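Enquirer: Okay, structure incoming, though there's no sequence with it:
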């Protein structure tokens, strides 16, 4: 979360090493444990004689191996001890950290119910894959989160659009705002307009573009909100817009050219959610706002980061 870099830097207007968390013995004691395990694992790769405790993908479902359905579906249950995740969980509100465990258990219960009907993960000869079904539940959650965010921001969005059209004065954003409402709307319109022009010129149908990027932006908006709230570094949304659209309408309505351009957009922009900048930008908004950094400084830093 943004409190971590703020605590490391200290709360003084001009941060110094003496006022930061780096002077705390408790900080270094907590740092020493995961650092030791990481150093052992790194050394083990080059020097196999160095012991390296296995904390990744520990097989805890071996008891169910060899059983028939539905219990055999739990034989692939794994447990990993990740110190970075443990640290993040300590910083999260209780209801957020609990929900991660609760929904994982609910997911396993769903898989167990499917298996009781003879359908295991992977689908077998069935056209129904429980894992895919659960991923679409995640997609529905992203849609709900994004819809709530847009609804809560409707007044600000309306004001920014009216100002862009010259029909209303712009509300003062303040010295700590990263972008004005007018600049944000103008950037969205300009970038989306260019993408539409590029896609249509390459042969992609406009309605296919709308479905693809509409679902993509919806997932990104919800993911960005979760990053800012939970402080996770690398969001993994499971599935992106390209799989939603193809499974919803199939490939038959698409022309050959549309399918080629569709695949290009999917793999260039949506293949790996960890490389998408929007969630990280949202987190940097929260960081600069909490640190009371002037918005112009963020714009300069973001421009340098994009160029380099």
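Expert: The structure has been received and is ready for your questions. Since this is a predicted model, take the numbers as computed values, not measurements.

Enquirer: For the helix or strand that contains residue 222, name the packing helices and strands.
Expert: Taking DSSP states H and E as the definition, residue 222 sits inside helix 206-230. Applying 3 or more CB pairs under 8 Å, 6 or more residues apart in numbering; DSSP states H and E, one finds that helix 206-230 contacts helix 130-152, helix 181-202, helix 241-249, helix 256-269, helix 278-290. Backbone N, C-alpha and C define where each C-beta goes, glycine included.

Enquirer: which regions of the stretch 151-300 of the chain sit below the pLDDT cut-off?
Expert: 170-176, 230-242, 273-275 (pLDDT under 70).

Enquirer: Make a markdown table out of the helices and strands packed on helix 206-230 and add mean neighbour count and distance to residue 168.
Expert: A markdown table is the format used below for these (neighbours: other CB atoms under 10 Å; distance: least, CB to CB, whole Å):
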| stretch | mean neighbour count | distance to residue 168 |
| --- | --- | --- |
| helix 130-152 | 15 | 19 |
| helix 181-202 | 14 | 10 |
| helix 241-249 | 17 | 33 |
| helix 256-269 | 16 | 33 |
| helix 278-290 | 18 | 24 |
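
Enquirer: For the nearest residue to residue 71 once chain neighbours are set aside, which residues are in contact?
Expert: If you skip the residues right next to it in sequence, residue 71 has residue 64 as its closest partner in space, 4.9 Å away by CB to CB, 6 or more residues apart in numbering. Contact partners of residue 64, counting by CB atoms under 8 Å, 6 or more residues apart in numbering, are 71-75, 77.

Enquirer: Retrieve the pLDDT associated with residue 64.
Expert: What the model reports as pLDDT for residue 64 is 82.

Enquirer: Equivalent analysis for residue 46, please.
Expert: For residue 46, pLDDT reads 90.

Enquirer: That one and residue 39: what is the separation?
Expert: 12 Å (CB to CB, to the nearest Å).

Enquirer: between these two, who's got more neighbours?
Expert: The neighbour count for residue 46 versus residue 39, taken as other CB atoms under 10 Å, is higher for residue 39 (12 against 7).

Enquirer: Give the other helices and strands that the helix or strand in which residue 114 is found contacts.
Expert: Under the criterion of DSSP H and E, residue 114 resides in helix 94-116. Helix 94-116 is packed against helix 130-152, with contacts defined by 3+ CB pairs under 8 Å, 6+ apart.

Enquirer: which SS state does the residue of the chain most remote from its centre fall under?
Expert: Taking CA atoms, centre = their mean as the measure, the residue most remote from the mean C-alpha position of the chain is residue 49, 37.8 Å away. Following DSSP: H, G, I helix; E, B strand; the rest coil, the label given to residue 49 is coil.

Enquirer: Backbone dihedrals for it, both of them.
Expert: Dihedral pair for residue 49: phi -70, psi -20, per degrees, to the nearest 10.

Enquirer: Against residue 56, how distant is it?
Expert: 20 Å.

Enquirer: and if you look at residue 135?
Expert: 23 Å.

Enquirer: Kindly report the same for residue 113.
Expert: Taking CB to CB, one finds residue 113 at 29 Å from residue 56.

Enquirer: what's around the residue lying closest to residue 59 once chain neighbours are set aside, how many residues?
Expert: Excluding its sequence neighbours, the residue lying closest to residue 59 (CB to CB, 6+ apart) is residue 78, at 6.3 Å. Using other CB under 10 Å, residue 78 is surrounded by 10 other residues.

Enquirer: ok, residue 78 touching residue 57?
Expert: Yes - when contacts are counted by CB atoms under 8 Å, residue 78 is listed as touching residue 57 (4.5 Å).

Enquirer: Residue 203 and residue 262 touch, don't they?
Expert: No - look at residue 203 against residue 262 with CB under 8 Å: they stay out of range, at 9.8 Å.

Enquirer: contacting residues around residue 229?
Expert: residue 96.

Enquirer: repeat that with 10 Å
Expert: Applying CB atoms under 10 Å, 6 or more residues apart in numbering to residue 229 gives the contacts 1, 92-93, 96, 145, 282-283, 286.

Enquirer: Format those as a markdown table; extra columns: distance to residue 108.
Expert: Shown next, in a markdown table, are these (distance: CB to CB, whole Å):
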| residue | distance to residue 108 |
| --- | --- |
| 1 | 28 |
| 92 | 21 |
| 93 | 24 |
| 96 | 20 |
| 145 | 23 |
| 282 | 31 |
| 283 | 30 |
| 286 | 33 |
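
Enquirer: Now flag whichever of those residues is closest to residue 253.
Expert: Using CB to CB, residue 145 comes nearest to residue 253 of these, at 28.6 Å.

Enquirer: Quickly list what's touching both of residue 203 and residue 262.
Expert: Here residue 203 and residue 262 share the contacting residues residue 255, scored by CB under 10 Å, 6+ apart.

Enquirer: Please consider this matter closed, and thank you.
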